[in-house]
Structure formats: structure tokens, C-alpha cells
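**Student:** generate coordinates for the sequence data below:
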Amino acid sequence: MKRPLGRLYRAYLLPGVMFQSVVIAGGYGTGRELAEFFMPWGSRGGLWAMALVTPLIWGLVCALSFEFARIFRTYDYKRFFERLLGKGWRLFELCYFMSLILTMAVIAAAAGEILHSLFGWNGLVGSFFMMLCVGLLIFFGRETIERAFSWSSGAIYVVYFLFFVLCMSRFGGKIVSEATAGAAAPGWYLGGLKYACYNLGTIPAILISARHCETRKQALTAGFLCGVIGILPAVFLYLPMLATYPNAMAQALPVEAILLELNTPMLHLAFQLVLLSTLIATATGMIFAVDARFEGEYPPGKAPKWIGPSLSVGLLTAGALLARAGLIALVSKGYGGMTWAFLAVYVLPICTVGVLKICRKSPSGR
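**Tutor:** Model (predicted):
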């Protein structure tokens, strides 16, 4: 069967599944990003920012981006930003490459720790394994990547939900107490804003999924569903992390500490394997966006097959070298700066210039 994914699934849910798969790793899957962006505002402030601010911004920007891509048929980031920013598209590419290297570093650091924990592998072997997996997915192309993301997303929801349920059964009293204790710190919404804006830089990695949206209704609905699909696993992680608040803020892998406390080897193994799959998915999605950008420089079907695997090796190697800085330092220092860069070159333009161009090009919504 050539197309196992149903038409409605591809139009409405696949973009959200791919968005979640790309966003979830690089610190989110380990709990590190959640501790960095949300917990400083207090347990309640972090929860509000996560539940209200982040999914709304994700949904709005994804919806506008999918509609913009649908109308102008711009499914790789170069053509998308040429339409949006004109000659300024290179500013986004610069930010994207900086973010990409940083994300690859976070992925390499997290994957190294996971593979060492599972099999005792050293960092070089772990990096080679990541390169192999990502290179193969990109080599086999878009449909293989979409299927892999769909299966990976389903596994994520199952394992994260089981993790959440078990934590509530063990630490429910502590979690509820922390979630309802005290007032949110002033400016709590900034955590959700910064986290949302940084991760919106990954949308170019999933623009290709917008080609399944044939109408404005489908594009806008798929975009807003990205916010819900993308944030729900974060809630499944954040609430259990409150059981160790505020100690979770200082841990490189907060979720790992909780898993050790639960002492359930099968869940621990499943969680690590699923987390590893999210790391591979994130790296694949972000590198595939670059692959699609360079393939667009060739006539259809004429791009060399070696481009994708070569990008995988080069970018993951650069990330592995940067990973020596350590996971906490990477998330704390690197992600904060990229947040404001993406706000300037992407979020504000798509919400202003992008809306105007959408209305001028297709005022009827067709």
C-alpha cells in the first residue's frame, strides 16, 4: 500500500505530529528545557505559561505559516522566506543554521548519555549511531520520514502517559501540592513566550507537511492543532517534575532522576528508547529542511542523493563537538539568545507582513 496515511490524517494531524516530533527532543524530552524556561516562574506560573501561552503562540504561527506556504507553494524555507522577507531571507537562514548546530549539540549530549546508560557506549559511538539513523531516514525520503514520525509520535504518547499515570499514583500528593501552592511569579508569561518563540524556529523542518493542506480551513486547523499536539507531552513531563521541585532545576536530566526514583526497569527502558527516537526525529526533521532547501537548487528529481547523508554527518559532527559544553549550559546560554532572533526574523514578520500577503493573494480563502 503506497499511502497508508489517510487523507484527513495527512491534512489535519500529520503537521502536528511532525511538529511534536521535531520540538520534543533537544531538552524537552529530558525535561531540561521545561526546567529552564518554566520552573523559574514558580510551579504554578510555569504551568500557566505552558498551558496557555506556548500552545496559543505555536498554534497561531503554525496556522499562518501553513496558510502562507499553501497559497504561495513554498514548502522549503528558502522560498518561504524569500516570499516573506525578500532579500532578508538570509537572516533567517543564518539564525536557522545557528539554531540547528545548537540543537544538534543538545541532541548529541542527550543521546550520548542515553546510549551510555543503555549499552555503555562512548560518545563517539553514540554520535556515529545517530548519524547512521538520520542519514538513512533522509536518504529514503519524505514519505519514509512521515511514517517514522507518525509511529514515533504514537509511541511517545503511550510511554509519556504511562509515565504520568505512574508518577501520579506514587507522588500525586506532592505534585498537586506544588501545582496549587503559592502565586505565579510576576512575568510568568515570558517563560511561555520565550519557549514558544525559540521552538518556532523548527517550523521550516515541517513546512513540507503543509503540502497536504488543500484549503484554508485545513491549513489553519492543522496549525492550531500543532499547539495542542506539541504541548501535551510536555504537560505529561512537567507535572511529574513538580514532585522534585525545585531540585529539578539543577539536574541535567530531570526526568531520568524521576525514573530512577520510580524504580520500574521496563518503563525506564521504554522511556529511554522513546527518547532516543525523538532525538533521531528532531535531528532528521531539522536536517531534512536543509536538504530540501538545497534540493530546490536542482531541477526536479536531479538532486544528488548524497546531499542529505552528507549534511547529517557534517551537522551532527559539529553538534557533537559543541556538546562538550554540557547540556545545562547549552540550554541556558544558547537557547535564550536564539529566542529573540526568531522573534525578530520570523514570528513578527509572519504575523504582520505574512498576514497582509495572505489576504492580498487569496482574500476569499481558497
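**Student:** who are the contact partners of Phe288?
**Tutor:** With contacts defined as Cβ atoms under 8 Å, 6 or more residues apart in numbering, Phe288 is in contact with 137-138, 142, 145, 205, 208, 308. Every residue, glycine included, has its C-beta placed from N, CA and C.
**Student:** from the residues you listed, which would you call buried?
**Tutor:** 137-138, 145, 205, 208, 308 (16 or more other Cβ atoms under 10 Å).
**Student:** okay, those residues in a markdown table with secondary structure and distance to Leu190 next?
**Tutor:** A markdown table is the format used below for the buried ones among the contacts of Phe288 (DSSP: H, G, I helix; E, B strand; the rest coil; distance: Cβ to Cβ, whole Å):
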| residue | secondary structure | distance to Leu190 |
| --- | --- | --- |
| Leu137 | helix | 36 |
| Ile138 | helix | 36 |
| Ile145 | helix | 34 |
| Ala205 | helix | 25 |
| Ile208 | helix | 32 |
| Gly308 | helix | 37 |
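**Student:** the residue lying closest to Ala243 once chain neighbours are set aside and Gly192, how far apart?
**Tutor:** Nearest residue to Ala243 in three dimensions, chain neighbours excluded: Phe171, at 3.8 Å (Cβ to Cβ, 6 or more residues apart in numbering). As judged by Cβ to Cβ, to the nearest Å, Phe171 and Gly192 stand 24 Å apart.
**Student:** Ala252: what secondary structure?
**Tutor:** coil (DSSP: H, G, I helix; E, B strand; the rest coil).
**Student:** ok, the residue nearest to Ala243 to Leu137 distance?
**Tutor:** Using Cβ to Cβ, one gets 37 Å for the distance from Phe171 to Leu137.
**Student:** and the helices in the stretch 251-366 of the chain?
**Tutor:** For the stretch 251-366 of the chain, the helices defined by DSSP state H, counting those that start in this stretch occupy 254-262, 265-295, 307-322, 327-329, 335-342, 348-351, 353-361.
**Student:** okay, buried residues for stretch 138-154 please.
**Tutor:** For stretch 138-154, by 16+ other Cβ under 10 Å, it's 138, 145-146, 148-150, 152-153.
**Student:** which residues touch Ala179?
**Tutor:** With Cβ under 8 Å, 6+ apart, Ala179 has these contacts: 43-44, 47, 239, 242.
**Student:** from the residues you listed, which is closest to Pro186?
**Tutor:** Distance ranking of the contacts of Ala179 against Pro186, using Cβ to Cβ, places Arg44 first at 12.4 Å.
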